[in-house]
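Need a 3D model of the sequence below.
(chains A and B)
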Amino acid sequence: MIIQTIMFYAFSAVAVASGVMVVSARNPVHSVLFLILAFFNAAGLFVLMGAEFLAMILVIVYVGAVAVLFLFVVMMLDVDFARLRSGFLRYLPIGALIGFILLAELILIFGSWELAPSVATAKAAPMLVGGISLTNTRALGDLIYTRYIFAFQTAGVILLVAMIGAIVLTLRHRVGTRRQSIAAQLARTRAQSVEVVKVRVGEPVDGV
Amino acid sequence: MHSFAPPALLPALPELVLVCSAMLLLLIGVFRGEGSSRLVSWLAVLALVVTLGLAVRVGLEPRVSFYGMFVTDPFAAFMKTLVLLGSAVTILMGMRYFEDHGIARFEFPVLVMLASTGMMIMVSANDLITLYLGLELQSLALYVVASFDRDSPRSSEAGLKYFVLGALASGLLLYGASLVYGFTGTTNFAALATAVSSGGAPSAGLIIGLVFVAIGLAFKVSAVPFHMWTPDVYEGAPTPVTAFFAVSTKMAAIALFIRFLVEPFGPLLAEWRQIIVFLSVASMILGSVAAIAQSNIKRLMAYSSIGHIGYALIGLAVGTSSGIRGVLVYMAIYLFMNLGTWAVILCMRRNGQMAEGIADLAGLARTQPGLALALAIFMFAMAGVPPTAGFFSKLYIFLAAIDAHLNGLAIIGVLASVVGAFYYLRIVKVMYFDEPLAAFDRPISAELKGVLLVTAIVTLFFILLPDPIVGPAQAAAASLFGK
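Okay, the predicted model is just below:
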């Protein structure tokens, strides 16, 4: 138990600290790297809560895809971050006001939080199917591939449409592009591609 | 491992067939390369027709599957028939257009098929999750086809506008859905219905959620005041795509609107009726007044579709079996006269360029009398002049409104249709009495001729044989209230 508490404080402290660094780092690439660190720590917190599926998804989707995309954008686009940040003090009051409102809302929500009496027992009970305790990944899989199979498959078709759409709207067949022809490469023989030339000092080489 | 019973696949068979054939056609297109668009288009039409047959067959009796997420019944079968007809005809009409504009690509029929799958899922939704996924599948495919002519700035603008506003609508809808879920504890329509009818007075949170979902759906049917995107998107998108927006999309969205309000929230009729009445009145009035000033026929058709949605919503506001029957008959006839009109618009080409102005139609009766006659039939039908089908579709709606003592709504509807008649009949006047311009390009493709002939016959002779439309509509509306 004590180890879990220590881990909890470690993860949350690093997450909050890297959150601050995301905003305050001078180099945008460092910001994105701190963001990735924050994601990893949030994933650690999820693991501590026993939600290992969410932890995996967070790492795969946010770190693996979204953050890397951010990194690409930051590196590819020539955004002048110093200029973007120039009005910081001017916008500070309104930003602080919005932050304060959000904080007040959070306090209100948690102040009036009421748990249904059945929640505690439901939370304590292990997910058991046929006498075997399930990990939540397995429990989700059991639902998605049975109860929600229709929705799951339809979502797959939607992704197919997205793929077709991206190709239809952007792919252009240019004439005269040079494509790699593996068959032609493999069919080349030594005789076609290598020529031994005797080079004499002071004389031009034939054909060069 | 715990055992589970696999869900019955039969109720979703049409969707499965359609989505699998879409993937198959995608493969065919990719392997055959650039020149395969005509082959893929014809195969897509074939797949849509087969799916239509399956949908009608499967929808004969109510079936629920996928743990209550998916339902088929005669109502779903009726609306799926309309959706699939619209999609198949769109692909047929689009073949020549895309070839002439040098943008014929096999992805178009594939995207239309996937959009149709989304629409069928919307029609069959029995759960808020299914509703949203169907809507997104449809919308995402539509955003892409709207900007299919990617080198034209107008087409790209249409796609972008549609995407941004569609995403906003989805956000509103999801927010509403989360409130509905939060205040009832379920996303399933059947469970929602019990939760709503058992709990005494509904909570304010539930009503707010209902309103937000209704706003999201109103965006999709382009009812006033959520219509702003319609004229720009209709004008900018390639014409066959606009036809698709005006027909299939409307069918699916109105079906979803009906099912969402009547099935889980039927007991709250008094609460949502005022919203629908407002949407309906505003759409009818704006649809008829704003269209008067239009000179581009695609924009005119956009306002016309807004007005038509207003009339259809009268039937939903009535909220009874006869009201819903009115909506279904209205949408079926709207499908035929709209497809016909879009076929005529696709024929409006001069020297290889699309002519989109109403003035371009001048004297069409003397240069191409057949085309002019067809457009005149559709315009009379849109205006609701007897004996065309358009008169009867409005008649069913207004009769249902008067039965439900919504006299004011019926009177506003009649007045708006009188105003609307002005701009429909102006087109007839331009065609028959103005000095002729040069004739449009010939020959008209065989597919367009076929579409024109069939839609004109249905629009004109509905009076003689209304049963093939009214009978199934009656059964479909009854199935919605029978449970």
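
Tell me the confidence at the spatially most central residue of chain A?
With the centre of chain A defined as its mean C-alpha position, the nearest residue by CA atoms, centre = their mean is residue A:62, 2.6 Å away. pLDDT for residue A:62: 89.

ok, now which ones touch it?
residue A:39 (CB atoms under 8 Å, 6 or more residues apart in numbering or on different chains). Heads up, the C-betas are built off the backbone N, CA and C, glycines and all.

per-domain residue ranges of chain A.
If you go by automatic domain parsing, the domain ranges for chain A are A:1-78, A:126-170.

need the least confident one among those domains, by mean pLDDT.
Across the domains of chain A, the lowest-scoring stretch is domain A:126-170, with a mean of 85.

Show me how far it is from its chain's centre.
19 Å (CA atoms, centre = their mean, to the nearest Å).

same check, this time on stretch A:56-73
Taking CA atoms, centre = their mean, one finds stretch A:56-73 lying 1 Å from the centre of the chain it belongs to.

Give me the buried positions along it.
By neighbour count on 16 or more other CB atoms under 10 Å in any protein chain shown, the buried set for stretch A:56-73 is A:58, A:59, A:62, A:63, A:67, A:70, A:71.

ok, now stretch B:183-200?
Of the residues in stretch B:183-200, B:183, B:184, B:186, B:187, B:188, B:189, B:190, B:192, B:193, B:195, B:196 count as buried by neighbour count, 16+ other CB under 10 Å.

Just the residues contacting that stretch, thanks.
So stretch B:183-200 is contacted by B:64, B:68-69, B:71, B:125-129, B:177, B:180-181, B:202-203, B:205-206, B:209, B:259-260, B:263-268 (CB under 8 Å, 6+ apart).

re earlier: of the buried residues of stretch B:183-200, which is the nearest to chain A?
The nearest member of the buried residues of stretch B:183-200 to chain A, counting by CB to the nearest CB, is residue B:187 at 10.2 Å.

Next one: the closest residue to that closest one other than its chain neighbours relative to residue B:61, how far apart?
Among residues not flanking residue B:187 along the chain, residue B:128 sits closest, at 4.0 Å (CB to CB, 6 or more residues apart in numbering or on different chains). Separation of residue B:128 from residue B:61 (CB to CB, to the nearest Å) stands at 25 Å.

In terms of neighbours, single out the busier of these two.
residue B:128 (25 against 10; other CB atoms under 10 Å in any protein chain shown).

Look up phi and psi at residue B:353.
Phi and psi for residue B:353, reported as degrees, to the nearest 10, are phi -110, psi 140.

host element of residue B:71?
Element membership for residue B:71 (DSSP states H and E) is strand B:70-72.

Quick check: residue B:207 touching residue B:271?
Yes: if you go by CB atoms under 8 Å, residue B:207 and residue B:271 touch, sitting 5.8 Å apart.

Can the strand or helix carrying residue A:90 be said to contact chain B?
Assigned by DSSP H and E, residue A:90 belongs to helix A:88-111. No: residues of helix A:88-111 are not located near chain B by CB under 8 Å from any CB of the partner chain, the shortest gap being 14.5 Å.

tell me the mean pLDDT over stretch B:47-56?
Stretch B:47-56 shows a mean pLDDT of 95.

how about the residues of chain A that lie near chain B?
Proximity of chain A to chain B is confined to A:129-130, A:142, A:146-151, A:154-155, A:157-158, A:160-162, A:164-165, A:167-169, A:173 under the rule CB under 8 Å from any CB.

What segments of chain A are strands?
Secondary structure of chain A (DSSP state E): strands at A:128-129, A:132-133.

The stretch 201-350 of chain B too?
Residue ranges of the strands in the stretch 201-350 of chain B, as given by DSSP state E, counting those that start in this stretch, are B:349-350.

who in chain B is up against chain A?
Residues of chain B lying near chain A (CB under 8 Å from any CB): B:1-2, B:4, B:7, B:12, B:19, B:23, B:26, B:34, B:66-67, B:69-70, B:105, B:107, B:110-111, B:114, B:117, B:121, B:129-130, B:133-134, B:136-137, B:140-141, B:143-144, B:147-148, B:150.
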